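K.L.:
need a 3D model of the sequence below.
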Amino acid sequence: MIGQSQLNLNIFWELKKRLRFFPFSWPDIRKFQLERVKLMLQHCYQSFDFYRQRFDRAGFKPEYMNSIEEMQTLPCLTKEEYRDFTSTLVNADPGRYANWFQDGTSGSTGMPLKIYRNHRERAYMLSKYLRTLFLNGYRYRDVTFCLPSPHRMNGNDSFLQRFGFLKRICVPYTAPVERMVERYMQQPVDLLYANRSHLEMMAGYIKENGIEIAKPRLVCSSSEMLDAPSRQLIEEVFGEGRLFEVYGAVEFNNLAFQIIGQKGFHFNHDTSIIELEDEAGRINSKAGHCLITDLWIRSFPLIRYRLDDWIEMEAGEGTPKIKRIVGRSDDWFVLPNGEKKPFHAVYEIMERESGVRRFRFVQQATDEIDVQLVTDGRSDRPALERRLLAALDAEFSHAARFRIQYFEDLPVDPHGKMRMVVSKVKVGRPS
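P.N.:
From the prediction side, this is the model:
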């Protein structure tokens, strides 16, 4: 098993490569992507029966590949297929993977997925995360306060951390919010890093109790996209001009990131290729469900992996940037006629209501949806309900009945996230 010191060296080596690529030059990146993906696809064909059979069925020969667009002849890789591919290899030789880094998705869509990465791939994934921090002003001797999941809590500092480099203060996100705030206040913090839900929890607790805090220099929100109310609250408490977001998935770690003061998200074009698939299954340059091909993970490659989040890209020349991540893969409604409706249109309806601090849709049945609201207490509730019901009825063509419910707070789910859609309707993947 590789030691922590060797892992740190690998991280810094990978970080040096990542920083060299940014800012991205689109012609250079596109040439690089073609070279890398061709090598990756040849590796897949030569090393894995799973991929060789998929390529052969599609009539695809990676050695003859001349453009990235030729990949579109390959089938998309679903989570179910990737889970079976991974488990087949691990079950065939479990000892080989015993000391590999392991992580897993929460299974919010009903399908947990275990991820295995070797030490080089782990270093590569962490380097993407660190690049985002350094591009936003992070320094090696900065102190980070973070709220990881309990299974990621490390008992001891690494060699570098004992000497004051990459120092972290970790509190599990399962801890009570008062414990989070208490621990945060015990020493000055340079970077505050957490899921949006937990940043909101801390900010709300600090504001409600009138607590004076030392503001961090940087605030990084992950896992769930910020909306206008959550951004306003976090900046009010922790300070303006220091908040940025990262977008990622457990399978890849960081996929895209913001830089403070800039609009949109920079996609990691040097590590992955992104494709957008519209509702008709066509590749669309402007908006769609995202398909991700990783250019560096060789142990369990991800080729045209259907992450399924709904992405909108910024129009214009130059390197494509992500305008918005509108809906995550489980943000779907299912109507009585079987239609599967994405969340992004509903999100825009809620964004127009400045008095709504938090919201969640709970679909009880195909024709029955609860709208759970936390408001600022100043809104005219009857007027708010009239606007919401009129907009939702129009958006859903009166196919569902909406019930407005008010709450003092909406708790996060057991995995520490605030899902905006909770569906109790059992269905397959949206088509």
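K.L.:
Pro62 - how many residues pack around it?
P.N.:
20 (other C-beta atoms under 10 Å). Bear in mind the C-beta positions are built from the backbone N, C-alpha and C, glycine included.
K.L.:
and what of Thr88?
P.N.:
12.
K.L.:
before we move on, what about the one 10 residues further on?
P.N.:
Residues lying near Ala98 (other C-beta under 10 Å) number 10.
K.L.:
how about the helices in the chain?
P.N.:
4-21, 26-47, 49-58, 79-92, 119-135, 159-162, 177-184, 196-208, 228-238, 344-351, 381-395 (DSSP state H).
K.L.:
and those helices as TSV, adding distance to Leu255?
P.N.:
As requested, the helices of the chain are exported to TSV (distance: least, C-beta to C-beta, whole Å):
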stretch	distance to Leu255
helix 4-21	13
helix 26-47	15
helix 49-58	22
helix 79-92	16
helix 119-135	8
helix 159-162	26
helix 177-184	27
helix 196-208	16
helix 228-238	20
helix 344-351	18
helix 381-395	29
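K.L.:
to Val250, which of those lies closest?
P.N.:
With C-beta to C-beta, the closest approach to Val250 among the helices of the chain belongs to helix 119-135: 9.7 Å.
K.L.:
check which residues of the closest one are buried.
P.N.:
119-133, 135 (16 or more other C-beta atoms under 10 Å).
K.L.:
quick one on the thing from earlier: mean pLDDT lowest for which of the helices of the chain?
P.N.:
Among the helices of the chain, helix 159-162 has the lowest mean pLDDT, at a mean of 60.
K.L.:
so what are the domain limits for this structure?
P.N.:
Per the record, the chain has its domains at 4-137+217-326, 332-423, by automatic domain parsing.
K.L.:
returning to what we had before: let me know which of the helices of the chain is the nearest to Arg419.
P.N.:
Nearest of these (C-beta to C-beta): helix 196-208, 9.4 Å.
K.L.:
run the angle between that closest one and helix 228-238 for me.
P.N.:
Helix 196-208 runs at 50 degrees relative to helix 228-238, counting by axes from the mean of the first three to the mean of the last three C-alpha atoms, to 10 degrees.
K.L.:
residues contacting helix 196-208, please?
P.N.:
147, 173, 177-178, 180-181, 184, 192, 194, 211, 213, 219, 221-226, 230, 233-234, 236-238, 358, 409, 412, 416-418 (C-beta atoms under 8 Å, 6 or more residues apart in numbering).
K.L.:
out of those residues, which end up buried?
P.N.:
By 16+ other C-beta under 10 Å, the contacts of helix 196-208 give 147, 173, 177, 180-181, 184, 192, 194, 219, 221-226, 230, 233-234, 237-238, 358, 412, 416-418 as buried.
K.L.:
ok, the nearest residue to Glu353 once chain neighbours are set aside - contacts?
P.N.:
Using C-beta to C-beta, 6 or more residues apart in numbering and skipping the chain neighbours, the partner closest in space to Glu353 is Leu384 (6.6 Å). With contact taken as C-beta under 8 Å, 6+ apart, Leu384 is in contact with 353, 355-356, 375.
K.L.:
identify the bridge partners of the residue positioned nearest the centre of the chain.
P.N.:
Nearest to the mean C-alpha position of the chain, by C-alpha atoms, centre = their mean, lies Gly248 at 3.2 Å. Under DSSP bridges, the beta-bridge partners of Gly248 are Asn254.
K.L.:
from Gly137, how far off is the residue of the chain positioned farthest from its centre?
P.N.:
Distance from the C-alpha centroid of the chain, by C-alpha atoms, centre = their mean, peaks at Pro382 (35.7 Å). The gap separating Pro382 from Gly137 is 47 Å, by C-beta to C-beta, to the nearest Å.
K.L.:
can you check Arg179 too?
P.N.:
Taken as C-beta to C-beta, the span from Arg179 to Gly137 is 28 Å.
K.L.:
what of Arg242?
P.N.:
For Arg242, the distance to Gly137 - C-beta to C-beta - is 9 Å.
K.L.:
and if you look at Val356?
P.N.:
32 Å.
K.L.:
show me which of these two is the more surrounded one.
P.N.:
Ranked by neighbour count (other C-beta under 10 Å), Val356 and Gly137 place Val356 first, with 20 against 15.
K.L.:
report the contact partners of the more buried one.
P.N.:
Residues in contact with Val356 (C-beta under 8 Å, 6+ apart) are 229, 350, 373-376, 379, 384.
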